Structure formats: structure tokens, C-alpha cells
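Asks: Please work out how this folds:
(2 chains)
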Amino acid sequence: MNDTKDKILRVEDLEVTFPLRQGKVRALDAVTLDVFRGETLGVVGESGCGKSTLGFSILNSVQNPGKITRGSVFFNGRDLVKTREREIRKVRGRRISMIFQDPMTSLNPLLRIDRHIIQTVRKHEKNISKKAALERAARLLDRIGIIKERLYDYPHQLSGGMRQRVMICIGLCLNAEVLIADEPTTSLDVIVEAQFMDQLKRLQKEFGLTLILITHNMGIVAQISDRVAVMYGGQIMEISPAAELFHEPLHPYTEGLLRSVPNIELDDDKLQSMDGFPPDLLDPPPGCRFSPRCRYAFDRCRVGKIPLVERDGRFVRCLKYENK
Amino acid sequence: MAQDLILETRDVKKYFEVGRDLVQKIMGKRREYVRAVDGVSLDIRKGEVFGLVGESGSGKTTVGKLILNVLEPSGGNITFEDFDLTSMARRDEKAFRRHIQVIFQDPYASLNPRMKIGKALTQPLEIHGIGTREERRKRALDILEHVGLTPPEIVFTKYPHQLSGGQRQRIVIARALILNPDFVVADEPIAMADVSMQVLLLELMMDLKREFNLTYLFITHDLATAKYVCDRIAIMYLGKLFEVGPLHDVFRNPLHPYTKALLAAVPVPDPAARRIHEIPKGEIPNPINPPPGCRFHPRCPRKMDICEREIPVMREKSPGHSVACHLYK
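Replies: As a prediction, this is how the structure comes out:
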């Protein structure tokens, strides 16, 4: 990988623990990854793999009772894990913005859209006038394809696709550098989803946004990502450029995942199921978390820690690629 | 009904009245209706997997509920085997329910959390007076084996919350099959499962179909999945049927501009894939006041004047492949 590329985020050895009555759950375990300025990084995995937790951790907003118990998140050189709450507020929502699956949970149903925007912008830019904030919003909404009359609507008067676009607009109003999108299109119909993804790509180029797309939908990941990180059982299993991930997956889990996803362009698609179940994070299997289900597993896979190794600029956590 | 058909709907409609508050009623506000299903005619053949595809508001779930006789049609009729749903006597309803069952999307909502799995499975048999207690238990254990939940004796004693989502959906499938129905309405059966579980559930459903000689109405918004399991497919939009045909015909040669748009919009898990057709602008309009004429005309890249005035009629363009669009006259 090109070392001269500008690293905007670096997650280093991140561990997030949830203390439950039944025991401790390590939702994230030794997660290390770099995000480069202007790129789209897809983070994929099934439920429980930790991808959403990763998104929240970057903003140091892991939900109670979860906590970051080890590691760092470096943003523009500063470790957000060690930064005080007061300082993080300047970053959260402003420099790093996040949108979620259901925009209705982020939007106050009693506030019109213009109030949402004014409130948010003025919270971060204390000296801006209402008029200036609205003008900025109207211009952005126009860029996103929403007519400015919609500013005076309430969230329930907008469709799902529009609400999601309003959420992006709020982030852009504040000149966010990074946008973390957690399952942004899961609640959208397929045509609206396609429109939304097209728009997101366009906006990203226009504003030079760095996009972290968290999803289980391999289709939209393929459409828009430069690189993809695959997560399983709280760990990163593979990080590769998109084309290479899809055409020559390194990790057996990636391979299995790709074989489970129907491809509408193939006429003779043969889907293959994976044996077994996702790991119980209260009592994960020893060694490689995927080993109980892996067709290539051998004895050493079931012991100790499996390191993330580099292979031609790609990263994989699998003993098949051990540097001999 | 023709010999090879198991279900036939003729111009079936379902309109839901939109609520008016007291002031509106006093002021004489006109009644408004959501025309959820507005004249749908379908034939489903014995033994096939018939896909009913559409986005939200298309009416596909409502069609499923009409077929299940959970909703009463506002117009038109539905014939299932020897049952005429629109004029069925109460006493025939119970018999009807043995032949047609349902699998819903949400395995958390479909199972009574306070009922053990064993009871959830034997209860349908009990209701229909089938077998003795021992026989019912045996049948439940048997069906648990069939859906791959082993050891069945242990699963029999569990509560839903003790099982995973994928396991729960298997129970839902088992429950649907325990009465040995001929027809199963599956409404987004795999949508809530994880990607790797989805394949397993699909495989299970298809294996069971072969083993028990079932017919499926497979309702989904996911074209990629529909392509994988369906024999024939129908595309719905805002209560209307736009296109029906054999799966490969519709996919290789989509006729309706909306079908083309849907196919183009499906994200392909391959970064090298390039979209051929255009994505239409705009969103699905308000179902209370759908556009006049062809409901898709405001978004259609091939719109003509007639599309704004006249509702297109379904016409067969090639064997078994029909489309409702003014482009094809």
C-alpha cells in the first residue's frame, strides 16, 4: 500500500468490552486499520461481527455498558480514545459525522428540517447567523437533489430516502471530513437505494469526503468501495482493495461470504452455504474464530492468537498466509 | 380452474379506507382509499415457485394476505383448489387452512415467546383434531428433523428466545409444514436472516418443496434471491401488475421499463459490474392518489402521452410472458 497517501484515521489494536451478567463480551478484539483521506472503506460482516461497534468506537461513542478497554483511534494525529469529552464534541458530528440505518431515530419528529440544521450548525459554529446556516443548507440540499421548500417539512413528511439525504446534508453543512454510514440503505427500497448510492458517490468526490461504509450488503460495498475490511467475531479478518477482495478473496470466511451472496448477473449462480454458526462472543472458540467452520482449518488454527499479516499490500488474519 | 393450476385470482382488489378525524368528517371531507391491490389477476401452477416482486407499497404483501384469506377482497375473486375464497362458508375456512400456510419475515414476531417449541408445533395438529397426543408429538419431532433442528427432542422443549434467529425461522417453516399443506405463502422468508443463513434457509425451503410436493408464492423485494429460486415471476407496482413471465424470460428480456429499472438498480457483488439501464428519478408516489393512467408514468424514461391517460392492459408478448405497458401494442 502507498505509504505516501494521507492517513486520516488510524485504529490501533482496539478492544471494546461489554460486561454482561453472563460474562465479558469482547465486541472488538485487536482491531487495527488505516483509513486514507478521500477513500471509501467498506466494512462488511454479519450481525455480531462488531462492525457497528467499530463505527461507534471511532467516535468514542460506544454504548453503555460497553467500553473501549484498549487501543487508540488516531484522527489527524490525535488519539480520540484519550481525548476529553469536551474536546471530542468538537470532532463528533462535525469533523466526523455518522448516519444510521433509520434516520427517524436521529431526527426529532417535532422539529422541522430547517430547525434541525440550524440547531446542529450553530452548536458547532457559534457565530453563524440563522440566515447563513439556512443558506448553506439550501445549497447543499439542492446538490443532494432535495428542493429547498422541503426545509420546512417535518421528518415524517419526507420519504425514507429523503431523510437519509437530509442526514448527509447535516454532516456536510459542518464540512465533515469523514462520514461513517452504518447500514444507510437497509431500510430503503432498491431503486431509492441505487439513487442514494449514486448520490453518495458524487457527493464524496465533490466534497473530498472520506467514507466508511458499514454494511452486510455485499452489492453496495462492491459498487462504491475502494478497499474493504471483512470482520468476523469482533476481529478484522481481511483488508483488501475491492476488486481483489471480490475476485480473489484471501480469507476463507470472505470466500464463504461471497459464495452465499446471489449475483443477479450470473445465469448459473451456485450458492453455497457455510457450515456452523457465528461464534459465541461470550465464549469464543480458541485460536482462529472461524476455525470451527473453515474447510481449510488445521491443528494450529485452533490455538493461540492468529496475527494479521500483510501480503502484497493486503492484510489477512489466517495461517494459510503465514510468513514462513 | 384449469387442471394444472392451484390458485387463480381474477381482478382482485383491496382498498383500505384512509381515516378521517371528526373535524374532517363534519366538514364533509371525501373518503379516500389506499388502493393497495387494484385489479391483480394471477395464475399459480401446482408445484412451482411463483415470485411476486415489488418495492414498498407495491401491494405484494396484501396479495399474500388476500390469498391466505386473512383479508377480504374489495373486489374480484380468488379460487384456491376447490375453494372459492370470496364465497367460502365459515365451516370451510378451517379445512381451507390445512391446505395453505404462511411463512412470514420476522421469526421473532411469528412465534409466541411463552410457548415452547413443541407446543407451537403440535398446536396446529390439535386444532385440526389430527392424531393422538403421542402421534402429534412424533409428527413434531419428525418435522424438526426435516428442518435440520437436531436433536429434535431437545429443541421440542425449548422456548423461542433460547434459539437463534436462523433456528427460529426454521421453526416457522416447520410449523407451516406440519399440517402438510399444498401451498405456502412465503413473505420475505429470509430477509431478516444473516447472509450466510439465507442460503441455508433457501436450500431448506427448496428441499422441503421437493419432498412434500409444495407450491410456493415467494413474495420479496430482492430480485437477486427471486432469480435464484423462482420458476415464474410477477412484478408489481403501486397495486398493479406490470409484468409476468417465466423467470429467465423476464430477466433476459425485461419488457416493462420498471422491470428494467429494478434490474438495473440491484447492486451486484462485483466491483467490475457496470449498470446498463437507467435508474428512474423520483420515488414511489403516494398510494392514496396514484398518478392517473399508468402509475409509473411520472418516472418512466419511455413515457408517451397516452400513458398519462390510459391504464395499460396486460398483454401476452411471447409464450407465458405478459406486460402491461403502452409501448407494446
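
Asks: Where do the helices of the stretch 201-329 of chain B begin and end?
Replies: B:223-229, B:247-252, B:257-265, B:305-309 (DSSP state H, counting those that start in this stretch).

Asks: can you tell me the residue of chain A closest to chain B?
Replies: residue A:219 (2.7 Å; CB to the nearest CB). Any C-beta I mention is one placed from the backbone N, CA and C, and that applies to glycine too.

Asks: Mind putting the helices of the stretch 201-329 of chain B into JSON lines with distance to residue A:177?
Replies: JSON lines is the format used below for the helices of the stretch 201-329 of chain B (distance: least, CB to CB, whole Å):
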{"stretch": "helix B:223-229", "distance to residue A:177": "34"}
{"stretch": "helix B:247-252", "distance to residue A:177": "42"}
{"stretch": "helix B:257-265", "distance to residue A:177": "30"}
{"stretch": "helix B:305-309", "distance to residue A:177": "46"}
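
Asks: what does the stretch 101-250 of chain B put close to chain A?
Replies: Within the stretch 101-250 of chain B, the positions near chain A by CB under 8 Å from any CB of the partner chain are B:164, B:166, B:194-196, B:198-200, B:202-203, B:221-225, B:227-228, B:248.

Asks: Any of those buried? List them.
Replies: Buried by 16 or more other CB atoms under 10 Å in any protein chain shown: B:166, B:194-196, B:198-200, B:202, B:221-225, B:227-228, out of these.

Asks: where in chain A is pLDDT low?
Replies: A:1-4, A:323-324 (pLDDT under 70).

Asks: Would you map the helices across it?
Replies: A:51-58, A:85-91, A:113-124, A:130-144, A:160-173, A:190-207, A:218-224, A:242-247, A:252-260 (DSSP state H).

Asks: same check, this time on the stretch 51-200 of chain B
Replies: Under DSSP H, counting those that start in this stretch, the stretch 51-200 of chain B gives helices at B:60-67, B:90-99, B:107-110, B:117-127, B:133-146, B:152-156, B:165-177, B:195-212.

Asks: Distance from the chain centre to the second one, please.
Replies: The chain centroid and the centroid of helix B:90-99 are separated by 20 Å under CA atoms, centre = their mean, to the nearest Å.

Asks: before we move on, what about the last one?
Replies: On the basis of CA atoms, centre = their mean, helix B:195-212 sits 17 Å off its chain's mean C-alpha point.

Asks: Same check on the third one?
Replies: The gap between the average C-alpha position of helix B:107-110 and the chain average comes to 17 Å, counting by CA atoms, centre = their mean.

Asks: Any chance of CSV for the helices of the stretch 51-200 of chain B, columns mean pLDDT?
Replies: Shown next, in CSV, are the helices of the stretch 51-200 of chain B (pLDDT from 0 to 100):
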stretch, mean pLDDT
helix B:60-67, 96
helix B:90-99, 89
helix B:107-110, 89
helix B:117-127, 95
helix B:133-146, 95
helix B:152-156, 95
helix B:165-177, 93
helix B:195-212, 93
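
Asks: Out of those, which gets nearest to residue B:315?
Replies: helix B:60-67 (20.7 Å; CB to CB).

Asks: how deep is residue 78 tucked in, by neighbour count?
Replies: Picked chain A for this. Counted by other CB atoms under 10 Å in any protein chain shown, the residues lying close to residue A:78 total 14.

Asks: nope, chain B please
Replies: Counted with other CB under 10 Å, residue B:78 comes out at 22.

Asks: so it bridges to which residues?
Replies: Beta-bridge pairing for residue B:78 (DSSP bridges): residue B:9.

Asks: and what of residue A:24?
Replies: Applying DSSP bridges, one finds that residue A:24 bridges with residue A:19.
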